[in-house]
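**Q** Got a predicted structure here, sequence first:
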Amino acid sequence: MSPVRTSVIGARLGNCVPSSREGLATLQREAKRREAAVRVILPKPPSPSLGVLLEAIEACTEPVPCRDPDPEYRSLWTSEERWAQSLAADACRSCPVLLLCRKAGRGEVAGVWGGQHRIRRAAA
Ligand code: SF4
């Protein structure tokens, strides 16, 4: 999720991400008061398939590779390095929720999802 930047209201108006309906209303009032154009970026809601994936991971009795206790190993899934992405994608092959993850990762621009890194997802 994008960082919340409603605190910039007093300083300047620009691209702002409201943290709530009240935050959005405050931004809109402030923009009207200053007669300034404010581009409001609403946080992307989690996709239904992401919720299904997370439930499946929680219910999983088999190991999910990207949930390994070693943080260094887990970082392979979020690395920008091609070699790390390839290792992560290979490890995904043994994952019990591979297909759910691949579906949830469609459209994601970063990370390895369902054995696919960004370039491979774009080609699919
Ligand atoms: S398929 Fe998805 S949940 Fe499974 S290890 Fe890969 S990234 Fe993690």
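**A** Noted; the coordinates are in hand. Values in this document were obtained by computation on a predicted structure and should not be read as measured data. Numbers count the residues shown, from 1 in each chain.
**Q** Run a quick neighbour tally on residue 59.
**A** 9 (other C-beta atoms under 10 Å). C-betas here are computed from N, CA, C, even on glycine.
**Q** likewise the one 3 residues further on?
**A** Residue 62: 8 surrounding residues under other C-beta under 10 Å.
**Q** That one and the ligand, how far apart?
**A** For residue 62, the distance to the ligand (C-beta to the nearest ligand atom, to the nearest Å) stands at 10 Å.
**Q** which residues sit in contact with the residue nearest to that residue when sequence neighbours are not counted?
**A** Residue nearest to residue 62 in three dimensions, not counting chain neighbours: residue 96, with 4.6 Å by C-beta to C-beta, 6 or more residues apart in numbering. Residues near residue 96 by C-beta atoms under 8 Å, 6 or more residues apart in numbering: 60, 62, 64.
**Q** Now the phi/psi pair for residue 96, please.
**A** phi -70, psi -10 (degrees, to the nearest 10).
**Q** Can you classify residue 95 by secondary structure?
**A** coil (DSSP: H, G, I helix; E, B strand; the rest coil).
**Q** Test my guess that residue 118 contacts residue 110.
**A** Yes - in terms of C-beta atoms under 8 Å, residue 118 counts as a neighbour of residue 110; the distance is 6.4 Å.
**Q** Looking at these two, which is more packed in?
**A** More crowded of residue 118 and residue 110, by other C-beta under 10 Å: residue 118, with 16 against 12.
**Q** What's the separation between the more buried one and the ligand?
**A** Distance from residue 118 to the ligand, by C-beta to the nearest ligand atom: 13 Å.
**Q** again, but for residue 87
**A** For residue 87 relative to the ligand (C-beta to the nearest ligand atom), the value is 11 Å.
**Q** Which residue, neighbours along the chain excluded, lies closest to that residue?
**A** Nearest to residue 87 is residue 76, by C-beta to C-beta, 6+ apart, at 5.2 Å.
**Q** Can you report phi and psi for that neighbour?
**A** The phi/psi pair for residue 76 (degrees, to the nearest 10) is phi -60, psi -30.
**Q** So which residues of the chain form strands?
**A** Taking DSSP state E as the test, the strands found in the chain are 15-16, 39-40.
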